[in-house]
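Enquirer: Kindly generate the corresponding structure for this input.
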Amino acid sequence: MTAKKFFFGLIVLSLLGVALAFFILQEKERDGHWPWPLNGRVINQSPVAVKVWDDDHGFYTIAAGQSSSNNNDIDHVQEPSSQRWCKIDAHSLVVKPDGFFANCPCYALGAGRACIKF
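Expert: Predicted coordinates:
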């Protein structure tokens, strides 16, 4: 591979990356939430409903044994066993059968609040 082909390939990949970033940001501005797969998702394996919060819909619940839709961008989830709030960003959060989270990226003081950093 020549240096010219390598350089041209690098430019093409860079332009594709910029175009993809622009598309994602336009989607965010158009409807107010990140498009799938960049939105937060909840997989509730517990026997109780889980309280969630997002910027668009406020508070609502995900029923026991259900998962949230890819169309909703869930921002915070309340852990049933401890009542702590988890800020999930673009992660998929699993609520275990015992009511604790399997993979909370960070906890917050409440719904709509930033992560607690120590």
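Enquirer: Okay, buried residues for stretch 77-92 please.
Expert: By neighbour count on 16 or more other CB atoms under 10 Å, the buried set for stretch 77-92 is 77-80, 84-89, 91-92. In this view, the C-beta of every residue, glycine as well, is placed from N, C-alpha and C.
Enquirer: Going along the chain, name the strands of this structure.
Expert: Chain-ordered strands for the chain, with DSSP state E as the definition, fall at 41-44, 50-54, 58-62, 76-78, 85-87, 92-95, 107-108.
Enquirer: How far off centre is the fifth one?
Expert: The one in question is strand 85-87. Centroid displacement of strand 85-87 relative to its chain, using CA atoms, centre = their mean, to the nearest Å, is 11 Å.
Enquirer: Quick one: list the elements packing against it.
Expert: Packing contacts for strand 85-87, counted by 3 or more CB pairs under 8 Å, 6 or more residues apart in numbering; DSSP states H and E, involve strand 76-78, strand 107-108.
Enquirer: Give me the mean pLDDT for that strand.
Expert: Taken as a whole, strand 85-87 carries a mean pLDDT of 93.
Enquirer: Paired strands for it, with orientation please.
Expert: In the sheet containing strand 85-87, its partner strands are strand 76-78 (antiparallel), strand 107-108 (antiparallel), by DSSP bridges.
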